[in-house]
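Enquirer: give me the fold of what follows.
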Amino acid sequence: MLTENAKNGFETLLMQCLTESLKTNSDPDWKLQAIDTLDEVNEAEFFMLTLSSFTFKSFVLLHFTRNESTMKYVENALQITNEVPDESKFYDFLGEIGNGFCGGLKRELGNYLPNLGMSTPNRLTKQSLTHITALDCDFETHFSASSEGSILFYGSLYVRSYNDMDFRIQHESIGNDVESGELEFF
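Expert: Predicted structure coming up:
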């Protein structure tokens with residue numbers, strides 16, 4: 001079972017990592033809003049990644065629809081000016097967003113929970129969500145991600161614990177100890 005500290009920790013890290021993964025040079029300000037369920041979310045597709053250890057398994061989802069708004073986001077992020085990104089570029093880019101989202105969560109959770117493994121992004125259709133209840137998760141949380149007043153994405157996290165799980169996030173340390181683009185040699 002997950003304690004309230006663990007649930008709060010997962011929510012905090014989910015918000016932090018979703019926001020960070022969506023930021024681009026052209027669109028740095030994202031607003032996240034908690035939502036209770038995905039019942040009213042009509043996004044056509046999602047990328048799913050798993051993050052697991054010996055004590056839990058989690059499913060990280062990035063929901064989206066390939067439409068004018070998300071195409072514009074991808075164009076701006078990839079700095080494409082004279083063409084519409086083809087289907088391959090669009091899905092590759094959003095797969096990398098999902099990868100960054102889950103990878104950030106893995107990095108931050110690694111400060112509290114050992115031996116984490118992560119999958120590659122899998123693109124699925126909305127109809128696949130009907131099977132999520134079969135996972136018998138102990139906890140789920142969902143957020144909408146909007147930019148300039150328009151919701152473009154949703155992020156979800158489903159967690160199934162195999163043992164009691166408790167950890168407390170130290171808010172001041174989130175994301176502060178990682179520098180991008182540097183290698184350390186031992």
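
Enquirer: which one's the longest helix in this structure?
Expert: helix 87-109 (DSSP state H).

Enquirer: which residues in this protein form helices?
Expert: So, for the chain - with DSSP H - the helices run 4-22, 68-78, 87-109.

Enquirer: quick one: closest of these to residue 51.
Expert: Among those, the nearest to residue 51 by CB to CB is helix 87-109 (5.5 Å). Quick note: C-beta positions are derived from backbone N, CA and C, even for glycine.

Enquirer: and residue 7, how close does it get to residue 96?
Expert: Using CB to CB, to the nearest Å, we find residue 7 at a distance of 28 Å from residue 96.

Enquirer: what do you get for residue 134?
Expert: From residue 134 to residue 96 the distance is 28 Å (CB to CB).

Enquirer: so how far is residue 47 from residue 128?
Expert: Using CB to CB, residue 128 is found at 11 Å from residue 47.

Enquirer: of those two, who's got more company?
Expert: residue 47 (23 against 14; other CB atoms under 10 Å).

Enquirer: quick check: that one touching residue 61?
Expert: Yes: counting by CB atoms under 8 Å, residue 61 is a contact partner of residue 47 at 7.0 Å.

Enquirer: before we move on, the earlier item: let's have the helices of the chain in JSON lines, adding distance to residue 29 and mean pLDDT.
Expert: As requested, those are exported to JSON lines (distance: least, CB to CB, whole Å; pLDDT from 0 to 100):
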{"stretch": "helix 4-22", "distance to residue 29": "9", "mean pLDDT": "91"}
{"stretch": "helix 68-78", "distance to residue 29": "13", "mean pLDDT": "89"}
{"stretch": "helix 87-109", "distance to residue 29": "16", "mean pLDDT": "92"}
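
Enquirer: neighbours of residue 2, how many?
Expert: Residues lying near residue 2 (other CB under 10 Å) number 20.

Enquirer: confidence score at it?
Expert: Per-residue confidence (pLDDT) for residue 2: 90.

Enquirer: list the residues that contact the residue nearest to residue 155 when sequence neighbours are not counted.
Expert: Nearest residue to residue 155 in three dimensions, chain neighbours excluded: residue 18, at 4.2 Å (CB to CB, 6 or more residues apart in numbering). By CB atoms under 8 Å, 6 or more residues apart in numbering, residue 18 lies in contact with 30, 32, 62, 101, 143, 145, 153, 155.

Enquirer: and the gap between residue 18 and residue 82?
Expert: Following CB to CB, the distance that separates residue 18 from residue 82 is 30 Å.
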